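Asker: predicted model and sequence follow; I will ask about them next.
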Amino acid sequence: MAKTKTHFTCQACGYQSPKWLGRCTDCGAWGSLVEEVDAASAQSRPAWGAAGGQAKPVLLKDVEATSEARRLTAIAELDRVLGGGVVQGSLVLIGGDPGIGKSTLLLMAVDKLGKDRPALYVSGEESLRQTRMRAERLGVTGEQLHLFAETDLDKVLTQAERLAPGSLVIDSIQTMFLPELGSAPGSVSQVRECAGRLMAYAKKTGVPTFLVGHVTKEGSIAGPRVLEHMVDTVLYFEGERGHPFRILRAHKNRFGSTNEIGVFEMKGAGLVEVPDPSALFLQERPKGASGSVVTSTLNGTRPILVEVQALVAPTGYGTARRTAIGVDSNRVALLAAVLEKKQDVQLLGCDIFVNVAGGMTLTEPASDLAVCAALVSSLQNRPIDAQTLILGEVGLAGEVRAVAQVEPRLAEAAKMGFKRVVLPKGSARRLETRRLEVLGVDRLEEALDLLVR
C-alpha cells in the first residue's frame with residue numbers, strides 16, 4: 001500500500017512546506033501552517049483553462065469583437081457597481097463582515113435574474129428551511145429559484161449541469177470541498193481548487209456565478225490571494241456597526257469601473273436601495289454646530305455630499321490623541337501640522353477627533369479643505385454657514401490645489417439646496433456654468449478667513 005504523502009500549507013498566503021513550521025517563511029504569519037494530503041495524482045486535478053480557452057492560438061485581429069451582453073438584476077445599485085449589469089459567464093466574488101447582508105443581497109438578485117430562466121442557490125451554511133424563512137422575510141417569491149444545501153462541489157456541479165440555470169450562487173466558497181483533495185473545507189488548497197472548477201464552469205457554460213467569501217479579522221477575504229486574481233469581479237460589502245447603511249464597493253472589475261459604489265439601507269424587510277445618498281447622509285446634520293462642514297466625494301460618476309465633523313478639545317494626557325473615522329488618520333495628522341505651521345493654529349495640546357457621519361469613507365484629497373475648516377471651527381467654537389460646500393486639496397505649503405470633476409459636484413450641491421461653494425481658484429476657472437455663488441481661494445489662509453474668521 002502506497003504511503004500517503006502530506007505537506008503543510010500556510011492558510012494566510014498558500015506557501016507550502018514539506019515539514020511543519022511555527023512561522024511561515026513567506027508571509028511571516030505565526031501558527032498558520034496546516035497539514036494537508038497531497039492529491040492522488042496529477043491527472044485528478046481539473047484542467048481549468050481548457051474549459052474556457054481555445055484549442056490553438058489565434059491572431060488578435062482575427063478575434064471577433066463583440067460587446068459583452070449584460071443582464072439586469074433589477075437592483076439598480078448592484079447593477080451600477082457591476083458596471084451596468086451582470087456579464088454572461090462572469091465570476092463575481094462578494095465579501096463582507098458576518099451579518100452585513102451578503103446572502104440577503106444575492107438572494108434578492110438571483111430571484112430577479114430567475115424570472116426568465118431557473119436560478120440555483122447553493123447554501124453550504126444554512127438549511128433549506130432557514131433559506132426559505134429568509135426568502136419569506138424578504139418577499140422573494142422564487143418561482144424559478146432552486147435551493148440546494150450541499151458542500152460537495154462535485155455534486156453541486158452535477159446538479160448545475162442537469163438544471164442548466166441562468167445564474168448560480170455559492171454561499172459560501174469556504175464551505176465547498178472536493179473529496180479527492182483530503183484537506184478540510186476552507187483550507188487554501190480546497191478554496192483554490194473549488195474556485196478553479198467554478199471558474200471553468202462559468203466560462204464554459206456562460207452562466208454568471210456569484211461566490212460569497214468570508215473575511216478575516218483584518219477585513220480581507222479569507223483564503224489564498226489567488227482567489228481574488230481568478231475571479232472577474234471582487235465586491236466588498238461595507239458598513240459600520242450601529243449604522244443601517246451598507247455600501248457596496250468594487251475593488252476589482254474586469255467589465256466596469258472600480259470607482260462606483262452602491263448604497264443600501266438595512267431594514268426589517270431586508271436591504272433597500274438608496275437612490276439619493278446625499279439626502280440620507282445629511283438628513284440628521286445638526287444646525288448651527290461648530291466643527292460641522294459639508295464636502296463632496298466622487299465615486300465613479302456619482303457625487304455624494306457628506307458631513308465631516310471635528311472635535312478639538314484640550315488633552316488631559318501627556319500626548320494628544322489623533323483619532324479619525326472615515327478619513328485617513330495620517331492625512332488628518334498632516335493637515336493638523338499644516339494648520340500649526342502655516343496658520344499658527346494651536347493644536348499641539350489638543351485632542352483631535354474627525355468623523356465622517358453616516359459611515360462613508362473619504363479616499364480622495366478633495367476633502368482636505370473641509371477637514372481643516374472643521375478643525376478650526378471646532379477649536380474656535382464658531383459654526384460655519386450650513387449652506388456652504390467646501391472643496392479643495394491642501395498642500396504642505398498651505399496652498400489649495402484644484403480638484404477634478406467640479407461640475408457634477410456643484411450640480412448635486414445645488415439640488416440639495418446649497419447656496420455657495422468655497423473651492424480652489426484653479427477649479428473655479430474651469431467652470432462652464434455656475435449654479436452657486438463661487439468663492440475661489442488660492443491659500444488656506446484665504447479659505448479660513450472666508451469660512452471661520
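Answerer: Yes, it's here.

Asker: can you list the low-confidence ranges for the stretch 101-250 of the chain?
Answerer: Within the stretch 101-250 of the chain, the stretches with pLDDT under 70 are 241-242.

Asker: what about the strands in it?
Answerer: According to DSSP state E, counting those that start in this stretch, the stretch 101-250 of the chain carries its strands in the segments 119-123, 145-149, 167-171, 209-213, 233-238, 245-253.

Asker: nearest to residue 59 among those would be which one?
Answerer: strand 245-253 (27.5 Å; Cβ to Cβ). Any C-beta I mention is one placed from the backbone N, CA and C, and that applies to glycine too.

Asker: and that closest one, what other elements does it pack with?
Answerer: When contacts are defined as 3 or more Cβ pairs under 8 Å, 6 or more residues apart in numbering; DSSP states H and E, strand 245-253 sits against helix 76-82, strand 233-238, strand 261-267.

Asker: by how many degrees do the last one and strand 233-238 diverge?
Answerer: The one in question is strand 261-267. Inter-element angle recorded for strand 261-267 and strand 233-238: 40 degrees (by axes from the mean of the first three to the mean of the last three Cα atoms, to 10 degrees).

Asker: how about low-confidence regions in the stretch 351-453 of the chain?
Answerer: 453.

Asker: hmm, back to that, if I average pLDDT within each of the helices and strands packed on strand 245-253, which one is lowest?
Answerer: Per-stretch mean pLDDT for these is lowest at strand 261-267 (a mean of 88).

Asker: and that one, how far out from the chain's middle?
Answerer: Put simply, strand 261-267 sits 12 Å off its chain's centre (Cα atoms, centre = their mean, to the nearest Å).

Asker: may I have the strands that pair with that strand, each with its orientation?
Answerer: strand 245-253 (antiparallel), strand 270-273 (antiparallel) (DSSP bridges).

Asker: buried residues of the last one, list them for me.
Answerer: This points to strand 270-273. By neighbour count on 16 or more other Cβ atoms under 10 Å, the buried set for strand 270-273 is 270, 271.

Asker: so which residues make contact with it?
Answerer: Strand 270-273 is contacted by residues 75-77, 101, 104-105, 108, 137-139, 246, 262-266 when judged by Cβ atoms under 8 Å, 6 or more residues apart in numbering.

Asker: hmm, back to that, so which of the strands of the stretch 101-250 of the chain is nearest residue 34?
Answerer: Closest among the strands of the stretch 101-250 of the chain, using Cβ to Cβ: strand 209-213, at 18.9 Å.

Asker: what angle do strand 119-123 and that closest one make with each other?
Answerer: 20 degrees.

Asker: just to revisit the earlier point, now tabulate the strands paired with strand 261-267 in TSV and tack on distance to residue 179.
Answerer: Putting those into TSV (distance: least, Cβ to Cβ, whole Å) gives the following:
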stretch	distance to residue 179
strand 245-253	31
strand 270-273	36
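
Asker: on that earlier part again, give me the buried entries from the contacts of strand 270-273.
Answerer: The buried subset of the contacts of strand 270-273 - by 16+ other Cβ under 10 Å - is 75, 77, 101, 104-105, 108, 138, 246, 262-266.

Asker: and the residues you listed, which is closest to residue 370?
Answerer: residue 263 (20.1 Å).

Asker: who does the top helix by length along the chain touch, helix- and strand-wise?
Answerer: Longest helix in the chain by number of residues (criterion: DSSP state H): helix 188-205. Packing partners of helix 188-205 (3+ Cβ pairs under 8 Å, 6+ apart): strand 6-10, helix 48-52, strand 91-96, helix 153-163, strand 167-171, strand 209-213, helix 226-230.

Asker: can you redo these as TSV with mean neighbour count and distance to residue 432?
Answerer: Converted to TSV, the helices and strands packed on helix 188-205 look like this (neighbours: other Cβ atoms under 10 Å; distance: least, Cβ to Cβ, whole Å):
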stretch	mean neighbour count	distance to residue 432
strand 6-10	19	55
helix 48-52	14	46
strand 91-96	25	38
helix 153-163	16	52
strand 167-171	25	43
strand 209-213	27	42
helix 226-230	17	40
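
Asker: ok, which of the ones you listed comes nearest residue 350?
Answerer: With Cβ to Cβ as the criterion, residue 350 lies closest to strand 91-96 of the helices and strands packed on helix 188-205, at 35.9 Å.
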